[in-house]
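Undergrad: model this:
(2 chains)
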Amino acid sequence: MFAQPDIDRILAAMRAHGVTRLEIKDPKKRLRLSLPPATGSSPTAPGTPYSAAVTSPGIGRYLPRGGDDGMAELEPGARVLAGEVLGYLCSGPVRRVVVAPHDGIVPAEWPETGALLGYGDTVCRLETEQ
Amino acid sequence: MAGEAPDTLLIANRGEIALRIVRACRRLGLRAVCTYSEADRGAAWLDAADDAICIGPAAAAKSYLNFAALLAAAEACGASMIHPGYGFLSENADFAEAVAAAGLTLIGPSAAVMRTMGDKVAAKRAMIAAGVPCVPGSEDVLPDDRGAVARIAADIGYPVILKAAGGGGGRGMRVVRQQSELADAFLVTRQEAQRFFGNPGIYMEKFLEKPRHVEIQVIADAHGAALWLGDRDCSLQRRHQKLIEEAPAPGIARSLISEIGARCAASCREIGYVGVGTFEFLFQDGRFYFIEMNTRIQVEHPVTEMVTGLDIVAMQIDVARGGQLPLRQDQVRTEGHSVECRINAEDPRTFAPSPGLVTRFHVPGGPGVRVDTHVVVGSDIPAHYDSMIGKVIVHGADRAEALSRARAALAELTVEGVSTNAALHRELLSDAAFDAGSVTVHYLENWLAERERRHG
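TA: So this is what the prediction gives:
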C-alpha cells in the first residue's frame, strides 16, 4: 500500500518529467498512475506553475513550524525543498511532522493553529514551477 | 449564562448505524463525531454529525478497525465515549480494553464479559449455570482423542454439529450425520477454527434439523437492573446472514417467550452484564436452545423499537455512562408487529456486491413505515465494506398489516445506479410459506435453490 504523500511525490516527479503513465509492480503491490497528456495550456506544462495538495499523514491538531522548534517561520512566497518541515500534527504529547512532498513555494493559506486535521485532509497547497 | 459543553461521543463505525447513533446523540444532547475512511470522505451521513474526522485509508484494517487511529481521533476531538455500532470492533475485547485504558467509556459491556460471551464454550457454560436452555452437547472443547470424541457424539446422538469455540458468522461449522464422517470432520473443523479464529478449540452439539432463529433483546444497567425487551424471529437467512427480521416471533406462545425472556434478563444480572445484548436461540418443537449472545446493538434492533416504542440506542448510551434504566419490566409493552427488510447493494441472483454510484433513490413512506439509510442520490457505495445500504422497517397492528405495509413499501422503493436485493424481498414477502409464518433457518436457502432449478 502506498501512502498518499508518496503518491503525491511520484505524481510531482511525473509532471516534472512529462511522464503521463507509470506502473510500479512488485509481488505484493501494484500502483498504476496516469496523468492527462501535457498540452501548451496545461498547468503541468514546463514553466507553468501548479499547486499540489499537501495532505495530513494522520490525526491531530495543526501546529505551524517556527513555534518552539527552533526553526524559522515559513513566510508566504518563500521556497521550500522536498522533505522540509512545514508544520506538525499534535496528538497528546506526540508530534508528527508534516513535510513538503516536493519543492515548492509557501502559500498564504494554512490551517489555524490548533485546527483538527484527519488523515488525508489538505494541510496546504504547495505551488511548484516546472 | 453559557451552558456546559456537551459530552462528546465518537462513532467508530459508518453508514446507517453511524447515522442512527448520531440521532440517538441528538436526543441525549450529546455532541456526535463521526469517523470515516478515505472511501467515505464526503459521504452524506457525515453532514448529520457535529463533526467528522478521517481516520485512515479505505481498507477497514487501516481505518474502522484501527485501534490507534480511533483512539487518536477520540483524543483529538475531546470525546469521552466511543460507540462501536455493530460489526467492525463492536465485539472486540482487546479494543474494549484499550478504550478503558485510555480513560474513555465504550458503549458496550466490559472486555471481560465480551471475552466470556465471545468464547462459545464459556458462554454456554455461563448460560447453563444461569438456567438458560442450551443445545445438548459437549460441555467443554473437545479433547484431541478420536475415541473420546466418538463417545461424546454417540451420547449426544447423530446428527451432530462441530463448531469453533471462537467462531461466529457461520464459519468453522460442520454437520456430521454418521460416525464414519466424524474423524475427517473433526480434523478439518479444528484446522478451520485455527485459521479463521486463531483458536483451534471446537465443541460439539446436537444438530437441529428444522430450527427457527428466535432471539431476545436485553438491556442492563450498572445498578443491577436488567430487562428483556421482547423477541424477534430472524429465520430468513442466507449463509447465516439475516435478510428479513420480525418482532414478535410468530406462532410461539407468549408465555413461553416470557419465561425465556425472564431467564435472559436474570442471567444478565448474574454475569454483571451492562449494555444492550441479544440472546440468540434455535427454536424447534416448542423448545428454545441457546446458541450465542451478541454483546452489541444489532442490525435488526429497529423492529423491537417499533413494537416497544423505545429508543434502544439512546438507552444503550445512557446505561453505558452510568444511567439507570428508566422503566421496570412490567412497564415494557409490545404492541403490534414489525418487519425489517435489509436492502443490500448486490446482484439479486448471484448476490455479488454491486458497488457504484446511486443515481436515483426514492425511499417509501406513509403510516408505519421507517427507513434507516445513509444513502442519498449521488452516494458512492464503496466496494470495501458490507453491502447493506438501508433497512425498510414497517409496523402494523398485526402481522398481516405489517406484511401488507412491507409489500407496499418495497413496491415504492426505487434504487438506480447499483443493483439491489429489493426484488428478492418483494418475492419473499409474497411467498405463501413466509406469509403463513414460522419458516425455518433453512427455508431461504432451499427456496433459492428451488428458484434456481425452475429458472436455470
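Undergrad: low-confidence ranges in the stretch 101-250 of chain B?
TA: The model of the stretch 101-250 of chain B has pLDDT under 70 over residues B:168-170.
Undergrad: Tell me who's in contact with the closest residue to chain A within it.
TA: Here the stretch 101-250 of chain B gets closest to chain A at one residue, B:A102, 9.9 Å apart by CB to the nearest CB. All C-beta atoms are positioned from the backbone trio N, CA, C, and that covers glycine. Contacts for B:A102 (CB atoms under 8 Å, 6 or more residues apart in numbering or on different chains) come out as B:L71, B:A74, B:E75.
Undergrad: Let's see that with 6 Å instead.
TA: By CB atoms under 6 Å, 6 or more residues apart in numbering or on different chains, the contact set of B:A102 is B:L71.
Undergrad: What distance do you get for it to B:I21?
TA: Per CB to CB, to the nearest Å, B:A102 is found 19 Å from B:I21.
Undergrad: If A:V80 is in a bridge, with which residues?
TA: Counting by DSSP bridges, A:V80 is bridged to A:G104.
Undergrad: hang on, it packs against A:A100?
TA: Yes. Here A:V80 reaches A:A100: they are 4.7 Å apart, a contact under CB atoms under 6 Å.
Undergrad: Those two: which is more packed in?
TA: A:A100 (22 against 19; other CB atoms under 10 Å in any protein chain shown).
Undergrad: Assess the claim that that one and A:E84 are in contact.
TA: Yes. With contacts counted by CB under 6 Å, A:A100 reaches A:E84, the gap being 4.8 Å.
Undergrad: Of all residues in chain B, which one is closest to chain A?
TA: Ranked by CB to the nearest CB, the top residue of chain B for proximity to chain A is B:C54, at 3.3 Å.
Undergrad: Quick check: bridge partners of the most centrally placed residue in chain A?
TA: For chain A, the residue whose C-alpha lies nearest the mean C-alpha position (CA atoms, centre = their mean) is A:V54; its distance is 3.0 Å. Beta-bridge pairing of A:V54 under DSSP bridges involves A:C124.
Undergrad: contacting residues for it?
TA: Counted by CB under 6 Å, 6+ apart, A:V54 has contacts A:V123, A:C124, A:L126.
Undergrad: wait, which of those residues is closest to B:V377?
TA: A:V123 (31.7 Å; CB to CB).
Undergrad: Quickly note the distance from the closest one to A:L86.
TA: Distance from A:V123 to A:L86, by CB to CB: 7 Å.
Undergrad: can you list residues touching both of the two?
TA: A:V98.
Undergrad: Mind checking what secondary structure B:W447 has?
TA: Three-state call for B:W447 (DSSP: H, G, I helix; E, B strand; the rest coil): helix.
Undergrad: Just give me the neighbour total for it.
TA: B:W447: 19 surrounding residues under other CB under 10 Å.
Undergrad: Okay, it and B:D431: tell me how far apart.
TA: If you go by CB to CB, the gap between B:W447 and B:D431 works out to 7 Å.
Undergrad: Could you find the closest non-adjacent residue to B:G108?
TA: Once flanking residues are discounted, B:G108 sits nearest to B:G275: 5.3 Å by CB to CB, 6 or more residues apart in numbering or on different chains.
Undergrad: in the sheet, who's paired with the one you found?
TA: B:A220.
Undergrad: Skipping its backbone neighbours, what lies nearest B:L70 in space?
TA: B:L70 sits nearest to B:A12 (CB to CB, 6+ apart), 5.0 Å away.
Undergrad: any idea of the pLDDT on that neighbour?
TA: For B:A12, the model assigns a pLDDT of 98.
Undergrad: can you map out the helices along chain B?
TA: B:15-28, B:67-76, B:93-101, B:111-118, B:120-129, B:146-156, B:179-197, B:254-271, B:301-308, B:312-320, B:399-412, B:422-429, B:432-436, B:443-455 (DSSP state H).
Undergrad: circling back to that earlier point, can you count the residues close to the residue of chain B closest to chain A?
TA: The number of residues near B:C54, taken as other CB under 10 Å, comes to 25.
Undergrad: Report the contact partners of it.
TA: A:G118, A:Y119, A:G120, B:Y36.
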